[in-house]
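Novice: Here's a sequence, model it:
(2 chains)
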Number of protein chains: 2
Amino acid sequence: MSNSIAALFQCLTQGVYVVGVAHGENCNAFTAAWVMQVSFNPPLLALSINPNHSSYGLLQRGKAFSVNVLKQDQLELAAHYAEPAGADKLALVEWVPGRTGVPLLNDAMAWFECEWVGSCPAGDHVLVLGKVIDGKILDAAARPMTYQETGSMDGAAALFPDAFTPS
Amino acid sequence: MSNSIAALFQCLTQGVYVVGVAHGENCNAFTAAWVMQVSFNPPLLALSINPNHSSYGLLQRGKAFSVNVLKQDQLELAAHYAEPAGADKLALVEWVPGRTGVPLLNDAMAWFECEWVGSCPAGDHVLVLGKVIDGKILDAAARPMTYQETGSMDGAAALFPDAFTPS
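Specialist: Model prediction:
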């Protein structure tokens, strides 16, 4: 049953991003699909993150995050940043710190830099709202990677309940 | 300047949905792109809606919404539901009410039925969290419409600020 619920949710269209976080000297980055725009003025992005994620502490302390948009040919980068914390995942790629210190990847299609302006519990995740304070398109000819392209990379199918239940 | 900010935000990948709302005998539906999954268990969707939208009152009173996933060849439907309120936008298409009364479109690729479980202010919009209580894939061979395909249909480029500003 969870397989068919997983298939249903795959009808929703998402991109694939490397989200960067930083606090003082410490920074990290991880692959995420649950990012979307939620306001025009001010321009806000929402990021849904598992509060048990190894980068959540840095996000809470640094009160900022970057959203680096991956391109269609960057599945290896998506897999790299989807690995569990441990080694320095930022050692292998070129990046520069934004004004808040968050990592901006030189090889991304585009990046956004966001300041934390609010949060809201959302089931097994937390929605973090970020005001976009800067952003840049680095490769206007690229096409963004879609979550569908990543197949079963993140093992998400196992995380759904077996059936829907009313509240 | 707002044109380049608009181009930057087009690097984010979204789908296109017809969101249905209902309260008692009244129901309505509108086109939306700002929908994403935000939790696995319970399965939650977030919908970002302008609180001045003509359907927001029905959404608040009915405490439920449907998310009907449009297919790649359904630009006319997307344009139809993007029109301002007035005529009965649900008169022209076949639909059935979900258990909460919200309209489920027979021609969608898939639909989700959600119960309002929370909300959170988000700039010029409101994020509404819906617990998915039912859902179905109607056309597994279809591909979902992407927001990029709708071009300038919604006039979004004019809604961004002229420049980014820190908090």
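Novice: CA atoms for contacts and neighbours, from now on please.
Specialist: Will do.
Novice: Now do the same contact list for the residue nearest the centre of chain A.
Specialist: Against the mean C-alpha coordinate of chain A, by C-alpha atoms, centre = their mean, the closest residue is A:A32 at 3.1 Å. Listed by C-alpha atoms under 8 Å, 6 or more residues apart in numbering or on different chains, the contact set of A:A32 reads A:16-19, A:82.
Novice: When you compare pLDDT across those, which one is lowest?
Specialist: In terms of pLDDT, the lowest of the contacts of A:A32 is A:A82, showing 90.
Novice: For the closest residue to that one other than its chain neighbours, give the beta-bridge partners.
Specialist: Distance criterion C-alpha to C-alpha, 6 or more residues apart in numbering or on different chains; nearest residue to A:A82, sequence neighbours excluded, is A:T31 at 5.0 Å. Per DSSP bridges, residues listed as beta-bridge partners of A:T31: A:V18.
Novice: do the same with the one 5 residues further on
Specialist: The residues listed as beta-bridge partners of A:M36 by DSSP bridges are A:A46.
Novice: For B:F65, state which of the contacts of A:A32 is nearest.
Specialist: A:V16 (26.2 Å; C-alpha to C-alpha).
Novice: so the closest one touches A:E149, yeah?
Specialist: No - between A:V16 and A:E149 no contact is recorded; they are 9.1 Å apart, counting by C-alpha atoms under 8 Å.
Novice: who has more neighbours, these two?
Specialist: Legend: neighbour count by other C-alpha atoms under 10 Å in any protein chain shown for A:V16 and A:E149, higher for A:V16 (28 against 13).
Novice: Quick check: the more buried one vs B:A7, distance?
Specialist: Going from A:V16 to B:A7 by C-alpha to C-alpha, to the nearest Å gives 18 Å.
Novice: Just say helix, strand or coil for A:E76.
Specialist: Judged by DSSP: H, G, I helix; E, B strand; the rest coil, the three-state class of A:E76 is helix.
Novice: Tell me how many other residues surround it.
Specialist: 10.
Novice: Likewise for A:F164?
Specialist: Per other C-alpha under 10 Å, the neighbour tally for A:F164 reads 18.
Novice: can you pull the contacts of the residue lying closest to it once chain neighbours are set aside?
Specialist: The shortest distance from A:F164 to any non-neighbouring residue, by C-alpha to C-alpha, 6+ apart, is to B:I133 (5.2 Å). Residues counted as contacts of B:I133 (C-alpha under 8 Å, 6+ apart) are A:164-167, B:112-115.
Novice: one step back: the residue nearest to A:A82 and A:A78 touch, don't they?
Specialist: Yes - counting by C-alpha under 8 Å, A:T31 touches A:A78, with 5.9 Å between them.
Novice: Name the residues contacting each of the two.
Specialist: Common neighbours of A:T31 and A:A78, counting by C-alpha under 8 Å, 6+ apart, are A:16-18.
Novice: separation between A:S54 and B:A140?
Specialist: Taken as C-alpha to C-alpha, the span from A:S54 to B:A140 is 36 Å.
Novice: Repeat that for A:N52.
Specialist: 34 Å.
Novice: again, but for A:Y56
Specialist: 36 Å.
Novice: can you check A:P42 too?
Specialist: 38 Å.
Novice: ok, these two, which is more surrounded?
Specialist: Neighbours were counted for A:P42 and for B:A140 using other C-alpha under 10 Å; A:P42 has more, 21 against 13.
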